[in-house]
Structure formats: structure tokens, C-alpha cells
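Colleague: Structure for this input, please:
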Amino acid sequence: MPGTPAAGPQGASSSVRVDSWAWAVRLFKTRSAASDACKAGHLKVNGERAKPATPVRVGDEVRAFAGGTEHIYIARRLIVKRVGAAIAADCFEDRTPPPPPRTETPATVTRERGAGRPTKRERRLLDQLRGR
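Modeller: Numbers count the residues shown, from 1 in each chain. The predicted structure follows:
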């Protein structure tokens with residue numbers, strides 16, 4: 001029927017716009033934010049830079065760069081309408097690798113107020129403590 005959306009909540013169509021799908025599965029808060037991410041090159045479908053109207057099909061890999069890290073998703077179901085978080089989680093598979101373990105940073109060294117400049121010996125000890 002003309003005028004109906006490309007895919008309903010059951011995923012009746014074979015493809016959906018990437019900006020619509022990314023918004024529907026809650027990768028972005030608004031559809032315009034998803035569209036802007038596409039235009040900025042932060043969304044890729046199967047390794048190719050995606051325009052907002054790029055089609056997403058079941059099994060496609062969608063890479064989203066957000067928050068300084070790249071997230072990797074595999075489309076499992078196609079939806080156009082925004083749904084609850086539990087249902088949205090069933091529509092994609094998250095293949096984002098775990099973040100690298102944080103390295104321990106040495107504690108910051110503070111001197112007592114009014115202690116003056118450190119001596120040469122104290123400065124060397126401070127540099128050694130800081131790992132320099």
C-alpha cells in the first residue's frame with residue numbers, strides 16, 4: 001500500500017534507512033541526531049560511509065562512532081518505529097570489543113602549603129615517583 005512505512009515493528013521489508021534504524025534501536029536520541037551522524041561520517045554500513053538514506057538489511061554491520069569509541073552492531077531485525085529498550089536490544093547484536101584495561105596512574109604528589117620549592121634531591125624523588 002503506498003504511503004506505508006518501509007518496515008513495521010515486525011520488519012516486513014527487506015531494507016530500512018540507516019538513520020531511521022539507528023534511531024529506532026536507540027543508538028541515537030533523535031532521528032535528526034542519527035542523520036547528522038551520517039552526514040558527519042560517524043555511521044558506516046558494511047565498512048562504507050553511510051548517507052542517511054543508505055539501506056540497512058538483516059545481517060549488515062553498522063559501525064557508529066560515538067563518545068570517542070567505535071561501536072559495532074549487526075542488524076538482526078529491521079524496525080522503523082522507536083520501541084522500548086528491551087525490544088530494541090533484540091534488533092541488533094553488539095560486537096563492540098571490550099575497552100582496554102585502564103592503566104594505573106601514579107598518585108598525584110602534593111606538597112604541603114608553604115613548603116617552598118623542592119630541592120634538587122626532592123625533585124628527583126618526585127620525578128622518580130611519577131615515573132619520569
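Colleague: Could you check how far residue 16 is from residue 60?
Modeller: According to CB to CB, to the nearest Å, residue 16 stands 10 Å off from residue 60. C-betas here are computed from N, CA, C, even on glycine.
Colleague: neighbour count winner among these two?
Modeller: residue 16 (24 against 18; other CB atoms under 10 Å).
Colleague: ok so residue 33 is a helix residue?
Modeller: Yes: counting by DSSP: H, G, I helix; E, B strand; the rest coil, residue 33 is found in a helix.
Colleague: Now it: closest residue in space that isn't a chain neighbour?
Modeller: Closest residue in space to residue 33, ignoring its immediate chain neighbours: residue 23 at 7.6 Å, by CB to CB, 6 or more residues apart in numbering.
Colleague: partners of the one helix or strand residue 70 maps to, with directions?
Modeller: Using DSSP states H and E, the element containing residue 70 is strand 69-75. Looking at strand 69-75 with DSSP bridges, its partner strands are strand 61-66 (antiparallel), strand 92-94 (antiparallel).
Colleague: Present the ones you listed as a markdown table; the columns should include distance to residue 123 and mean neighbour count.
Modeller: Shown next, in a markdown table, are these (distance: least, CB to CB, whole Å; neighbours: other CB atoms under 10 Å):
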| stretch | distance to residue 123 | mean neighbour count |
| --- | --- | --- |
| strand 61-66 | 42 | 18 |
| strand 92-94 | 48 | 14 |
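Colleague: closest to residue 35 out of those strands?
Modeller: Residue 35 sits nearest to strand 61-66 of all these, at 12.9 Å, using CB to CB.
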